[in-house]
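S.K.: Quick check, what structure comes out for this input:
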Amino acid sequence: MKEPAFISRIALLAKTALLLLLLALFPLPLHAAEARKEATLQQREEDLATCYFNLIGSSPVRCTSLNGSERKRLYDFVAGHSVARLSELKRYDPKNKMGFCYGRAMAVQLAARRMGLSPKSIGKIFTIGRLGEGTVPEWRWHVAALVLGDDSRWYAMEFNLAQEPCTMEEWIGKVHAEKDRDRKALFYLTSTDAVMPDLRVFPPIAEETGRRIIELSFNPAGRVGFVPLDRGETRIFRVYDSVLKDYFSCLGSREGKSFDFTQVVVNGTPHSSNSYFDDLLKSITTAPEEDF
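M.R.: Numbering: from 1, shown residues only. Predicted coordinates:
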């Protein structure tokens, strides 16, 4: 017997509703997978942050400066480290996008703390500008770790430009000689809280506003928190901790940190750190005391 028309219409509507429901549910496994991936990445970031803060906080303070042999021992440890040495860049930075100078600076910081150097005797020096050997800039910024020597001078621990520990002034001279021959780059002295300039917004030169420290048009003179090292025409500024988070990606405290160990975001695009900090933190944390 033929179904009444209204029953056929109800059946059709039911089938259509079921089909729409299935179509709506179909992407759920993909969404769930993405959510799991994001949760895993977040957990990994939290674990790395915990490892970092534990190492920084638990290392004892045995000294407030390093003598010449101690500086050389620290330099050699990081220069030859299985993660931080320059020969490992092709493994962690196969597309040559990251450079990981900030990773090497962190390696010096972590190793210096394992040696027992006071956190107040460790710092960083950033340089920002058109950095390169030719007419085309190779770098926009660079960073080196600083440690306080027993002669009250700051020493740079950096392996691209210097093949041994050198004073901060000597390192600045090497930057000028090899990467900043026009002497237009700016230099910023910071605490170890600063890891890298804030790159979340990195505008083309033609679209710069001068608000961000990574911009070539940024002028620190007269800004709150920036103090020139002398009263002359200096291009070297000390940056107070109170304004660091306005210009840098930082690791000052667990609650206030902004640096992400797993990735760097530039103009909204994430760039993976490729387990660099997983391996670095683990290796320095578990290294035997005699290494330091």
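S.K.: Does Pro60 touch Gly116 like I think?
M.R.: Yes - counting by CB atoms under 8 Å, Gly116 is a contact partner of Pro60 at 5.5 Å. All C-beta spots, glycine's among them, are computed from the backbone N, C-alpha and C.
S.K.: So between the two, which is more surrounded?
M.R.: With neighbours defined as other CB atoms under 10 Å, Pro60 and Gly116 compare such that Gly116 has more, 15 against 10.
S.K.: how close does that one sit to Glu290?
M.R.: 13 Å (CB to CB, to the nearest Å).
S.K.: swap in Ser59?
M.R.: Distance from Ser59 to Glu290, by CB to CB: 15 Å.
S.K.: the more surrounded of those two?
M.R.: The neighbour count for Ser59 versus Glu290, taken as other CB under 10 Å, is higher for Ser59 (20 against 5).
S.K.: Next up, the contacts around the spatially closest residue to the more buried one that is not a sequence neighbour.
M.R.: Once flanking residues are discounted, Ser59 sits nearest to Arg113: 4.0 Å by CB to CB, 6 or more residues apart in numbering. Shown in contact with Arg113 (CB atoms under 8 Å, 6 or more residues apart in numbering): Leu55, Ile56, Ser59, Pro119, Ile122.
S.K.: Please repeat the previous calculation with a cut-off of 10 Å.
M.R.: Neighbour list for Arg113: Leu55, Ile56, Gly57, Ser58, Ser59, Pro60, Val61, Pro119, Ile122, Thr192, Ile284, Phe292 [criterion: CB atoms under 10 Å, 6 or more residues apart in numbering].
S.K.: What average pLDDT does the one helix or strand the first one maps to get?
M.R.: To tie it back to what came earlier, the one meant is Leu55. Using DSSP states H and E, Leu55 falls within helix 28-58. Here helix 28-58 scores 80 as its mean pLDDT.
S.K.: Could you do stretch 145-159 as well?
M.R.: Rounded mean pLDDT across stretch 145-159 is 97.
S.K.: Fine, thanks again, bye for now.
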